[in-house]
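Q: need a structure here:
(2 chains)
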Amino acid sequence: MNLSQKPVFALVDCNSFFVSCERVFNPALAGRPVVVLSNNDGCVVALSKEAKALGITMGVPYFQVRALIEYHQVAVYSSHFRLYGELSARVMMTLRIFAQKHFPASEIEVYSIDEAFLDGSGVNPNQLDGLGRQLKQTVFQWTGIPVSVGIAPTKTLAKVATTIAKKSDKAQGVLSFVASPYVDLALSRLPIEDVWGVGRKLSVQLKARGFKTALDLKEADLKWILRHFSVVLARTVKELRGDSCLSLQQHTPPQKSILCSRSFGQEVATLDALQEAVSTYTARAAERMREQGLITKCVTVFLRTNRFRANEPQYRNVWETNLPISTDYTPYLMTVAQGALAQIFEGGYRYHKVGVMLSGLSEGSCRQQQLFGLNDWEKKSRVMQVMDHVNQSWGQGTLRYACEGFKKTWLLKSAKRSDWQPIYTVRA
Amino acid sequence: MSVIRFVDSVFLERHLAPVDSQSAVGGLEELGPSAIGLNALLIRHPAATFLMQAEGRDMVPWGVQDGDFLLVDRSVTPTEGRLVIAPSWGELRVASLGFDSGRWTLICSQTEVLREEELSVWGVITAILRRI
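A: Below is the predicted model:
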């Protein structure tokens, strides 16, 4: 970014992304209420505005809205991440091409599967709105995905602009806060918990002190915020004032932890099945960790029963093990994870979810182990390399540890997945 | 008179057994830059191009046969006479885009022509691929 230019950020956010993906190849879904369920058909993770209008909310357990869904003939889909990933890549590629052509800075930051920031500095402020509309139109034509665009001098304000662009009939999906007299009005209508970077916990504390809207936060005294809260919140205040503190990040920072957890297709009561699941998740997490050339210092295992089955006995627990040395050697991590599971497993419960987290990650290899007497580190690291290579080329789980189990009765269920394939069939 | 010389098919089978184009040995990868690159030849806008497969015989007179692979480019502006993919009664169909007495039409078969108030085009077919 050129320092002599005022920073401008355009946030592009896909509208109900998972629903829009399902709609691209299925025109029958246009204008109909649609929901997408989490990868275990557990709860609603995406919904169209028609579904929202029926009173269905984000995150609600499927069984709670099942009757409503059936009554209104809402179209229901299981998450289909391969489809979403493919369309996301197309959206991001379209944005890159557009940025290169129309934005002098031509940089983009992919923020999540359905959001990206574009560097709009150097563009004539009068042209920002028109460019935003052209961007929205291009993404829809090329990929079939509808997006909303918010343009502002800071990332935090761009988030606000996008939220309003999405809801407002007047904005029609695009809103620029650059040189706009309406910023304060917009902020006065935005509840404080909807400000980017203000979580639920923080918003409770802020509300207790009389801050209700984004405008209240913008007008807060910076020194007071620093004294009572944090540098992070002070930065948010500055960003709301139009003072850019967060720049475009082209490279994602290395992960601090890797989590592998899933809900079970059916509740699991036996230690055997939990052991299999824990081994599988440890293997997956370790594989993902090695992909990034990282080693771990801490293994955490957690499990819990289904909190939505109120009539069943409830239990949840977590066990954290600090390793004597950082490692990426799967069999060792599995032993540690199994030890943790044995600590927290209680009989007599039907478990719904179990997970493994590797944290305290740092860059490195098995080499360190040599110092601690594991002198065949080279052989071990070669075994890991071969396994990862085979699994990458032949599909996940081609080579696996026997303790991962073979039947996997606990595998997740996804009954309503759309039958999308890379090659779509059309009538001719 | 032209002569076509056949290589002994047993010889071919023994020495040029079909391989998975993705595999490390004998696959496209191994040829590197000199491998046949149909993508580069046929796809101008990768972000906007989709691969589909035709099913049915309605569009045979327009050159689309049952089982044909279709490259569909959404970034191309549809014009009269082009083959397109268009939504019709809730499904995506192959159609020929026409312009008749001031109105756009979608010809989906020899008997079926759509002339609704609002027609939309999903994408423009830019290539037909067929195994023969």
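Q: Flag every residue of the stretch 1-150 of chain A that's near chain B.
A: A:25-28, A:30, A:90-91, A:93-94, A:97, A:141-144 (Cβ under 8 Å from any Cβ of the partner chain). Placement of C-beta: from N, CA and C, glycine included.
Q: Between all of those residues, which two are separated the most?
A: Largest separation among these by Cβ to Cβ: A:28 and A:97, giving 30.5 Å.
Q: And the two? Which one has more around it.
A: The residue with more neighbours, out of residue A:28 and residue A:97, is residue A:97; 18 against 13, by other Cβ atoms under 10 Å in any protein chain shown.
Q: Chain B against chain A: which residues are in contact?
A: So chain B meets chain A at B:24, B:45-48, B:50-59, B:64-66, B:68-70, B:74-75, B:85, B:87, B:90-94, B:122 (Cβ under 8 Å from any Cβ).
Q: Now, of the residues you listed, which are buried?
A: Buried by 16 or more other Cβ atoms under 10 Å in any protein chain shown: B:45, B:47-48, B:50-54, B:56, B:58-59, B:64, B:68, B:70, B:74-75, B:85, B:87, B:92-94, B:122, out of the residues of chain B next to chain A.
Q: isn't residue B:51 right up against residue B:69?
A: Yes. Between residue B:51 and residue B:69 there is a contact at 6.3 Å, judged by Cβ atoms under 8 Å.
Q: Please report how far the residue nearest the centre of chain A lies from chain B.
A: The centre of chain A sits closest to residue A:112, judged by Cα atoms, centre = their mean, with a distance of 6.4 Å. To chain B, residue A:112 is 18 Å away according to Cβ to the nearest Cβ, to the nearest Å.
Q: That residue pairs with what?
A: Beta bridges link residue A:112 to residue A:115, judged by DSSP bridges.
Q: could you say which helix or strand contains residue A:356?
A: Per DSSP states H and E: residue A:356 is located in strand A:351-359.
Q: So for the following helix or strand past that strand, mean pLDDT?
A: Using DSSP H and E, the next helix or strand after strand A:351-359 towards the C-terminus is strand A:362-363. Per-residue pLDDT values over strand A:362-363 give a mean of 77.
Q: what lines up beside strand A:362-363 in the sheet?
A: For strand A:362-363, pairing defined by DSSP bridges yields strand A:294-305 (antiparallel).
Q: Would you mark the buried spots in the partner strand?
A: Neighbour counts over strand A:294-305 (16+ other Cβ under 10 Å) mark A:294, A:295, A:296, A:297, A:298, A:299, A:300, A:301, A:302, A:303, A:304, A:305 as buried.
Q: Tell me where chain B has helices.
A: Secondary structure of chain B (DSSP state H): helices at B:9-15, B:28-31, B:38-42.
Q: ditto for the stretch 201-350 of chain A
A: Assigned by DSSP state H, counting those that start in this stretch, the stretch 201-350 of chain A shows helices spanning A:214-218, A:222-228, A:231-240, A:271-291, A:330-344.
Q: what distance separates the longest strand along chain B from the middle of the whole chain?
A: The single longest strand within chain B, with elements called by DSSP state E, is strand B:91-100. Centroid separation for strand B:91-100 versus its chain: 15 Å, with Cα atoms, centre = their mean, to the nearest Å.
Q: now for it, which elements pack on it?
A: strand A:424-427, strand B:83-88, strand B:103-107 (3 or more Cβ pairs under 8 Å, 6 or more residues apart in numbering or on different chains; DSSP states H and E).
Q: Sheet-wise, list the partners of the strand holding residue A:356 with their directions.
A: strand A:257-268 (antiparallel), strand A:294-305 (antiparallel).
Q: what residues are up against the nearest residue to residue A:93 once chain neighbours are set aside?
A: Nearest residue to residue A:93, sequence neighbours excluded (Cβ to Cβ, 6 or more residues apart in numbering or on different chains): residue B:47, at 3.9 Å. For residue B:47, the contact set (Cβ atoms under 8 Å, 6 or more residues apart in numbering or on different chains) comprises A:90, A:91, A:93, A:94, A:97, A:142, A:143, B:75.
Q: Sort out for me which of those are in helices.
A: Applying DSSP H to the contacts of residue B:47, the entries found in helices are A:90, A:91, A:93, A:94, A:97, A:142, A:143.
Q: Any chance of JSON lines for those residues, columns pLDDT?
A: Formatted as JSON lines, the ones in helices among the contacts of residue B:47 follow (pLDDT from 0 to 100):
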{"residue": "A:90", "pLDDT": "94"}
{"residue": "A:91", "pLDDT": "96"}
{"residue": "A:93", "pLDDT": "95"}
{"residue": "A:94", "pLDDT": "96"}
{"residue": "A:97", "pLDDT": "95"}
{"residue": "A:142", "pLDDT": "96"}
{"residue": "A:143", "pLDDT": "96"}
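Q: Out of those residues, which end up buried?
A: Listed as buried from those are A:90, A:91, A:93, A:94, A:97, A:142, A:143; burial here means 16+ other Cβ under 10 Å.
Q: Roughly how far does the fourth one sit from residue A:223?
A: The one in question is residue A:94. Distance of residue A:94 to residue A:223, given as Cβ to Cβ, to the nearest Å: 44 Å.
Q: ditto for the first one
A: Residue A:90 is 47 Å from residue A:223, where distance means Cβ to Cβ.
Q: Same check on residue A:38?
A: According to Cβ to Cβ, residue A:38 stands 43 Å off from residue A:223.
Q: Show residues contacting the longest strand of chain B.
A: Applying Cβ under 8 Å, 6+ apart, the contact partners of strand B:91-100 are A:25, A:27-28, A:424, A:426-428, B:52, B:54, B:58-59, B:62, B:64, B:70, B:78-88, B:104-108, B:113-115, B:121-122, B:125.
Q: Over to stretch A:187-195?
A: A:156, A:159-160, A:163-164, A:198-200, A:203, A:206-207, A:211-218, A:236, A:240.
Q: Pull out the buried positions in that stretch.
A: Neighbour-count burial for stretch A:187-195, counted by 16+ other Cβ under 10 Å, picks out A:187, A:190, A:192, A:193, A:195.
Q: Please identify which pair of those lies farthest apart.
A: Using Cβ to Cβ, the pair of those lying farthest apart is A:187 and A:193, separated by 13.6 Å.
Q: worst-scoring helix or strand of chain B, pLDDT-wise?
A: Sorting the helices and strands of chain B by mean pLDDT, DSSP states H and E puts helix B:9-15 at the bottom, at a mean of 57.
Q: so where's the chain shaky on pLDDT?
A: Because you didn't say which chain, this covers chain A. Where chain A drops to pLDDT under 70, the residues are A:1-4, A:250-255, A:364-382, A:389-423.
Q: Chain B, not that one
A: In the predicted model, chain B carries pLDDT under 70 at residues B:1-26, B:29.
Q: Give me the nearest residue to the one residue in the stretch 101-250 of chain A that gets nearest to chain B, chain neighbours excluded.
A: Nearest residue of the stretch 101-250 of chain A to chain B, counting by Cβ to the nearest Cβ: residue A:142, 3.8 Å away. Counting by Cβ to Cβ, 6+ apart, residue A:142 lies nearest to residue B:48, which is 3.8 Å off, once chain neighbours are set aside.
Q: residue contacts, the closest residue to residue A:357 other than its chain neighbours?
A: Nearest residue to residue A:357 in three dimensions, chain neighbours excluded: residue A:300, at 4.2 Å (Cβ to Cβ, 6+ apart). Shown in contact with residue A:300 (Cβ under 8 Å, 6+ apart): A:318, A:319, A:320, A:321, A:340, A:356, A:357, A:358, A:359.
Q: Just the buried residues from the residues you listed, in ChimeraX please.
A: Only the buried entries of the contacts of residue A:300 go into this ChimeraX selection, using 16+ other Cβ under 10 Å:
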select /A:319,340,356,357,358,359
